[in-house]
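# Using only what follows, build the 3D model:
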Amino acid sequence: MRQANTDVLIDVTSLISAEEFLLSQNRGSAPSDPFARQCFVEAVQSLIFMSQVFVAHPVLHTPQPGDFGDRPLLLRALMQAGLLRPLHLDPGQQQAAARLEAASVHDLESIKGITSMARFVEQAFVCDEASAGRQTALSVRIKDWSAFQELQVRSTAGHHGDRIPTRDGVEEDAFGEWARAAAVVLSGPLGEIAAPGQGKYLMATLARGMKYRARAEAVGVSYQSHPMRRDFSLTFDMTRQGAGEDQVLDLIQSVRGIHTTLSQTAGQDEMHRLQLLQMELPLLGGRLWAPGDVGSRSDAAWIALIVNRIQHYRTRAANLRSAVERCVTDEDYVRLARDIDGVKRQLLERLGLRKVELSAMERELVGTVASVAEAAPGVPKVSGIWFGARTLGKQLSFTGAQPFQRFLYREFVDAWKRAGR
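Numbers count the residues shown, from 1 in each chain. Prediction:
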């Protein structure tokens with residue numbers, strides 16, 4: 001049976017953010033990186049859903065694990081567990097990547113490049129105005145992220161400097177040269193969205209994302225970039241074509257869409273329980289630890305615990321991952337989406353979030369019971385044993401034939417129970 005390529009490339013920056021979220025949970029404090037939780041959610045979902053997960057080195061084409069430095073701890077632990085592999089490009093792939101990178105640099109160095117960069121800065125403030133009062137401003141998040149990078153990444157031994165051992169921490173290649181020049185040209189606007197003196201590193205981070213996208217395309221894998229890089233890449237209309245990336249990411253959104261549908265149907269009464277469900281369920285980026293696990297381990301031991309839980313959960317989700325890999329044609333994806341919708345419908349009914357319509361046979365059974373006894377004139381006395389058994393049976397079973405459907409159903413029901421504690 002043919003299988004789709006669902007391999008994915010993630011970047012070190014995303015793993016740094018995800019690690020900050022994990023460490024903050026263990027310490028009982030808010031993460032310093034404003035993108036921390038989002039990156040944790042996306043990294044865990046990649047590790048659960050995708051066939052293989054790779055990480056790109058900013059300089060080397062065939063890096064070994066030791067070439068990434070001692071930090072982030074999460075990157076090293078995932079590699080040791082076999083959940084994450086360094087991206088390797090063979091000679092032919094290196095040549096293809098070089099052509100794609102040259103095209104990206106050409107765009108960056110053109111008038112379009114500077115215009116797009118200025119537009120990215122401008123859009124940060126447009127987003128701020130559009131989301132006023134609903135979330136932390138994008139420009140503030142970028143500035144806080146650059147301050148976090150300076151204090152906890154570039155100044156930490158065994159971290160950024162081990163991967164990019166240059167005088168100023170920016171690559172000595174065309175992307176690095178562009179970043180240095182762009183920081184000078186756009187010094188004024190950058191001062192509004194980057195921490196003091198950090199404009200060059202922000203530019204280098206954004207440009208590096210375009211380098212990773214080129215390498216992912218050369219190897220034929222999807223690229224799950226850091227959220228900030230993703231916004232910048234989209235400004236250049238650099239979304240990758242082929243290899244089914246959009247369809248795979250759409251599938252993840254379909255699984256997350258189960259929770260969205262439950263929330264929309266439930267209304268205000270169950271809103272908080274559904275929010276707790278999201279925090280409980282790893283498929284939605286929920287936690288992989290119990291409250292009693294927190295605060296009793298060192299950073300390294302805590303990360304090792306979480307990685308072990310990710311590995312265990314990936315094994316449990318094997319049927320779901322296999323179903324994704326079997327999707328080769330558009331028809332396959334439509335069928336899979338249909339099966340996920342089937343799980344969604346049964347969850348709505350069996351969690352009590354949507355009224356269950358009786359079938360014709362069930363209505364006849366109710367009528368039969370009513371014809372025997374009535375609690376009051378015109379009001380049927382429905383057998384509590386029969387109706388209770390029907391409801392209980394629906395909550396404890398799933399009628400779908402696919403193993404991955406039963407897995408999805410069970411995970412949501414179990415998380416719903418935990419959220420009701």
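# Using the three-state scheme, assign residue 102.
When classified by DSSP: H, G, I helix; E, B strand; the rest coil, residue 102 comes out as helix.
# Next one: it, what pLDDT does it get?
Here the pLDDT value assigned to residue 102 is 94.
# repeat for the one 3 residues further on
pLDDT, the model's per-residue confidence, is 88 for residue 105.
# hang on, isn't it packed against residue 175?
Yes. The criterion here is C-beta atoms under 8 Å, and residue 105 meets it with residue 175 at 6.5 Å. (Glycine included, C-beta is placed from N, CA and C.)
# between these two, which one's more packed in?
residue 175 (23 against 20; other C-beta atoms under 10 Å).
# Skipping its backbone neighbours, what lies nearest that one in space?
residue 207 (4.3 Å; C-beta to C-beta, 6 or more residues apart in numbering).
# I'd like the next helix or strand past the strand or helix carrying that neighbour.
When secondary structure is defined by DSSP states H and E, residue 207 falls within helix 199-219. Following helix 199-219 in sequence order, the next helix or strand is strand 222-224 (DSSP H and E).
# any idea of the mean pLDDT in stretch 200-220?
Here stretch 200-220 scores 91 as its mean pLDDT.
# re earlier: could I get the contacting residues of the residue nearest to residue 175?
108, 175, 176, 178, 179, 182 (C-beta atoms under 8 Å, 6 or more residues apart in numbering).
# and if we set it to 7 Å?
Residue 207 makes contacts with 108, 175, 178, 179, as judged by C-beta atoms under 7 Å, 6 or more residues apart in numbering.
# For the third one, give me its contacts.
Taking C-beta under 7 Å, 6+ apart as the criterion, residue 178 is in contact with 105, 108, 109, 207.
# Grab the nearest non-local neighbour of the second one.
Translated: residue 108. Distances taken as C-beta to C-beta, 6+ apart put residue 178 closest to residue 108, at 4.9 Å, once the chain neighbours are dropped.
# quick one: which helix or strand includes the one you found?
Per DSSP H and E, residue 178 falls inside helix 174-185.
# quick one: buried residues of the next helix or strand after that helix?
Later in the chain than helix 174-185, the nearest helix or strand by DSSP H and E is helix 187-193. For helix 187-193, the neighbour count (16 or more other C-beta atoms under 10 Å) marks 189, 190, 193 as buried.
# swap in stretch 160-171?
For stretch 160-171, a neighbour-count test (16+ other C-beta under 10 Å) marks 160, 163, 164, 169, 170, 171 as buried.
# which one of those sits closest to residue 87?
Closest approach between the buried residues of stretch 160-171 and residue 87, by C-beta to C-beta: residue 163, at 13.3 Å.
# Please list all residues in contact with that closest one.
12, 57, 58, 59, 68, 69.
# out of these, which are inside strands?
Using DSSP state E, no member of those sits in strands.
# will you turn those residues into JSON lines that also has neighbour count and distance to residue 197?
Shown next, in JSON lines, are those (neighbours: other C-beta atoms under 10 Å; distance: C-beta to C-beta, whole Å):
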{"residue": "12", "neighbour count": "24", "distance to residue 197": "22"}
{"residue": "57", "neighbour count": "20", "distance to residue 197": "26"}
{"residue": "58", "neighbour count": "22", "distance to residue 197": "21"}
{"residue": "59", "neighbour count": "17", "distance to residue 197": "23"}
{"residue": "68", "neighbour count": "23", "distance to residue 197": "26"}
{"residue": "69", "neighbour count": "20", "distance to residue 197": "23"}
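# Out of these, which is nearest to residue 321?
Distance to residue 321, by C-beta to C-beta, is smallest for residue 12 among these, at 24.0 Å.
# Tell me the spacing between the closest one and residue 299.
Relative to residue 299, residue 12 is positioned 17 Å away (C-beta to C-beta, to the nearest Å).
# for residue 44, same thing?
Residue 44 is 18 Å from residue 299, by C-beta to C-beta.
# and the contacts of residue 178, which of them are in helices?
When these are checked against helices (DSSP state H), the matches are 105, 108, 109, 207.
# that older thread, show me the two of the contacts of residue 207 that sit farthest apart.
Taking C-beta to C-beta, the two most distant members of these are 108 and 179; they sit 9.0 Å apart.
# any idea of the mean pLDDT for the host helix or strand of residue 335?
Residue 335 belongs to helix 330-350 when assigned by DSSP H and E. Helix 330-350 carries an average pLDDT of 82.
# hang on, the earlier thing: quick one, which of residue 44 and residue 299 is more surrounded?
residue 44 (24 against 15).
# Who are the contact partners of the more buried one?
Residue 44 touches 282, 285, 310, counting by C-beta under 7 Å, 6+ apart.
# Surely the last one touches residue 288?
Looking back up the chat, that one is residue 310. Yes. When contacts are counted by C-beta atoms under 7 Å, residue 310 is listed as touching residue 288 (6.3 Å).
# And those two? Which one has more around it.
Neighbours per residue (other C-beta under 10 Å) separate residue 310 from residue 288, with residue 310 holding more: 21 against 17.
# What is the burial count for the spatially closest residue to that one that is not a sequence neighbour?
Spatial nearest neighbour of residue 310, excluding adjacent residues (C-beta to C-beta, 6+ apart): residue 47 at 5.5 Å. Using other C-beta under 10 Å, residue 47 has 23 other residues around it.
# Equivalent analysis for residue 352, please.
Neighbourhood size, residue 352 [other C-beta under 10 Å]: 14.
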